[in-house]
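# The following block contains a protein sequence and its predicted model.
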Amino acid sequence: MSVVKLVKAADMFPLVQEIFENGGSAKITVTGMSMYPFLRDGKDSVELAKTDFSKIRRGDIVLALRNNGQYFLHRIYKKNEDSFLMMGDAQTWIDGPYMPNQLIAIVTKIWRQDKIIECSSFGWRVISNIWRLLKPVRRIMLRIIGGIERRIVPKSREII
């Protein structure tokens, strides 16, 4: 039986970076709602792998570090020559710019219950890009998706 322990990101991610330096990857459970509906708080997990600025592209989900020391997981909205802009899937505003040294890792896989989603797959990239293009109507779509989920998910299974 495995034990789940909640650890603050500020304490965990320096250890994760050490794993990256040794050629490994790390699997973490998603917290927060900024990447909904693609990543769900407390339900989905992601595999993080070391990457560098030259390899990221629009649509990738990456782990970055804000100037205030806060780690966050968002999608690359735009990549410039020397910086990048990010946006959470549940957000309607663009955040940044961030510098290459603020890029920590890239999400390579997503675990949703017993299903593994490869972030490099054609289907995932298409859906991600469609969602990016829907930015002007995203707020309305999130209300619709949230309403549908509330009707489908039984109250006894909701995580509070």
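The structure has been received and is ready for your questions. Numbers count the residues shown, from 1 in each chain.

# Kindly list the single helix or strand of this protein that scores lowest on mean pLDDT.
One helix or strand of the chain scores below all others by mean pLDDT, DSSP states H and E: helix 138-152, with a mean of 73.

# any weak-confidence spans in the protein?
By pLDDT under 70, the low-scoring segments of the chain are 1-5, 147-160.

# all helices of it, in order?
For the chain, the helices defined by DSSP state H occupy 9-21, 122-133, 138-152.

# Kindly provide the distance from the residue nearest in space to the middle of the chain to residue 122.
The residue lying closest to the centre of the chain (CA atoms, centre = their mean) is residue 73, at 4.1 Å. Distance of residue 73 to residue 122, given as CB to CB, to the nearest Å: 22 Å. C-beta coordinates here come from the backbone N, C-alpha and C atoms, glycine included.

# how far away is residue 118 from residue 51?
Separation of residue 118 from residue 51 (CB to CB): 15 Å.

# more crowded one of the two?
Taking neighbours as other CB atoms under 10 Å, residue 118 and residue 51 compare with residue 51 leading, 18 against 13.

# which non-adjacent residue is nearest that one?
In space, residue 51 comes closest to residue 106 once its chain neighbours are excluded; the distance is 4.0 Å by CB to CB, 6 or more residues apart in numbering.

# OK, contacts around the one you found?
Counting by CB atoms under 8 Å, 6 or more residues apart in numbering, residue 106 touches 48-51, 55-56, 60-63, 119.

# returning to what we had before: mind putting the helices of the chain into a markdown table with distance to residue 102 and mean neighbour count?
Putting those into a markdown table (distance: least, CB to CB, whole Å; neighbours: other CB atoms under 10 Å) gives the following:
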| stretch | distance to residue 102 | mean neighbour count |
| --- | --- | --- |
| helix 9-21 | 12 | 14 |
| helix 122-133 | 21 | 13 |
| helix 138-152 | 25 | 11 |
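
# between those helices, which gets nearest to residue 40?
Closest approach to residue 40 among the helices of the chain is made by helix 138-152 (9.3 Å; CB to CB).

# And the helices of the chain: which comes nearest residue 99?
Minimum separation from residue 99 across the helices of the chain (CB to CB) falls at helix 9-21, 16.6 Å.

# Which other helices and strands does that closest one contact?
Secondary-structure packing of helix 9-21 (3 or more CB pairs under 8 Å, 6 or more residues apart in numbering; DSSP states H and E): strand 25-29, strand 44-50, strand 71-79, strand 103-112.
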